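Undergrad: no sequence on this one, just coordinates:
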């Protein structure tokens, strides 16, 4: 390894340390503090279930949570492409989720916000293929929203 490269790595490390950068899953990081400490609100829809399942995959489940994560999710479908016969051949599903991370003991809101994203699917095949594509798009959308929520929660400075 060249001297220039070694010096560059050393300076980059010092710059990151100076700006307060800390790994999320490092010692004392937010990821470590929240792992298995968050209870996600009980879902009441399939999309809510899919979202909750993904968040719990990332943060774990807790028997005695220190934090509660309230999540409200909603979706809407848009027609995207129409063929020459007037049939819709592509759809976008837009998803929105509002979340609040709440300290279970004090009831205070630690973090809150909204995330949004979209996925698409083709309706050009059979009815069965279109329904399968729509279900897959819904699942993908919930994973995207859950990952965005998890990222936002993990970037919060929790007590």
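TA: Alright, I've got the coordinates. Bear in mind that the values here come from a model prediction, so they are computed numbers and not experimental data. Numbers count the residues shown, from 1 in each chain.

Undergrad: drop to CA atoms for contacts and neighbour counts, all remaining ones
TA: OK.

Undergrad: Longest helix in this structure, by number of residues?
TA: In terms of residue count, the longest helix belonging to the chain (DSSP state H) is helix 127-154.

Undergrad: Just the buried positions in that helix, please.
TA: Of all the residues in helix 127-154, those buried under the rule 16 or more other CA atoms under 10 Å are 130, 133-134, 137-150, 152-154.

Undergrad: any idea how far it is from the chain center?
TA: The chain centroid and the centroid of helix 127-154 are separated by 10 Å, computed with CA atoms, centre = their mean, to the nearest Å.

Undergrad: where along the chain do the helices fall?
TA: Using DSSP H, helices in the chain cover 3-18, 30-34, 46-59, 127-154.

Undergrad: Could you tell me how far residue 141 is located from residue 39?
TA: In this view, residue 141 and residue 39 are 21 Å apart by CA to CA, to the nearest Å.

Undergrad: Select, out of the helices of the chain, the one closest to residue 83.
TA: Among these, helix 127-154 comes nearest to residue 83, with 15.7 Å by CA to CA.

Undergrad: could you give me the average pLDDT of that closest one?
TA: Averaged across helix 127-154, the pLDDT comes to 95.

Undergrad: ok, now stretch 36-55?
TA: Stretch 36-55 comes out with an average pLDDT of 94.

Undergrad: Show me which residues of that stretch are buried.
TA: With burial defined by 16+ other CA under 10 Å, the residues of stretch 36-55 counted as buried are 36-40, 43, 47-48, 50-55.

Undergrad: what do you get for stretch 62-72?
TA: In stretch 62-72, counting by 16+ other CA under 10 Å, buried: 62, 65-72.

Undergrad: Redo these as a markdown table? Include distance to residue 125 and pLDDT.
TA: Converted to a markdown table, those look like this (distance: CA to CA, whole Å; pLDDT from 0 to 100):
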| residue | distance to residue 125 | pLDDT |
| --- | --- | --- |
| 62 | 43 | 82 |
| 65 | 46 | 91 |
| 66 | 48 | 90 |
| 67 | 45 | 93 |
| 68 | 42 | 95 |
| 69 | 39 | 95 |
| 70 | 38 | 96 |
| 71 | 34 | 97 |
| 72 | 32 | 96 |
